[in-house]
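In: fold the following, please.
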Amino acid sequence: MTTGGFNSETVQGRHGWERWNAALRSPESNGIAESFVKTIKRDYISIMPKPDGLTAAKNLAEAFEHYNEWHPHSALGYRSPREYLRQRACNGLSDNRCLEI
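Out: Residues are numbered from 1 along each chain as shown. Model (predicted):
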């Protein structure tokens, strides 16, 4: 899809992102997306310097990294997404094996 001069498939490929489509007529999916956008705007974009497009893109990439690695999420028991996934992956593994993940 091309919007505003950007081709979404090109951007996806460049960053290694997977395409994910929300279910049609799914208020829950819409709410999740709106909550994510609100959090990114409030906690990151509103306070980051944006002197030019390159700096803004770099800062946005850092914001996504922080959001996934450190930002606590109430739905995940106030753990970051990566912390939650690491704990899920460790269930049933020995402590030594978990440290490798």
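In: ok, which stretches of the chain are strands?
Out: 2-3, 6-7 (DSSP state E).
In: can you tell me which of the ones you listed the model trusts least?
Out: For those, mean pLDDT drops lowest on strand 2-3, to a mean of 53.
In: so, low pLDDT: which residues of this protein?
Out: Confidence mapping of the chain against pLDDT under 70 gives the ranges 1-6, 22, 92-101.
In: can you show me the helices along it?
Out: Counting by DSSP state H, one finds helices in the chain at the ranges 8-15, 27-43, 53-69, 81-90, 95-99.
In: mind putting those in TSV, mean neighbour count included?
Out: C-betas here are computed from N, CA, C, even on glycine. Formatted as TSV, those follow (neighbours: other C-beta atoms under 10 Å):
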stretch	mean neighbour count
helix 8-15	10
helix 27-43	11
helix 53-69	13
helix 81-90	14
helix 95-99	10
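In: which one of those lies closest to residue 21?
Out: Among the helices of the chain, the nearest to residue 21 by C-beta to C-beta is helix 27-43 (9.2 Å).
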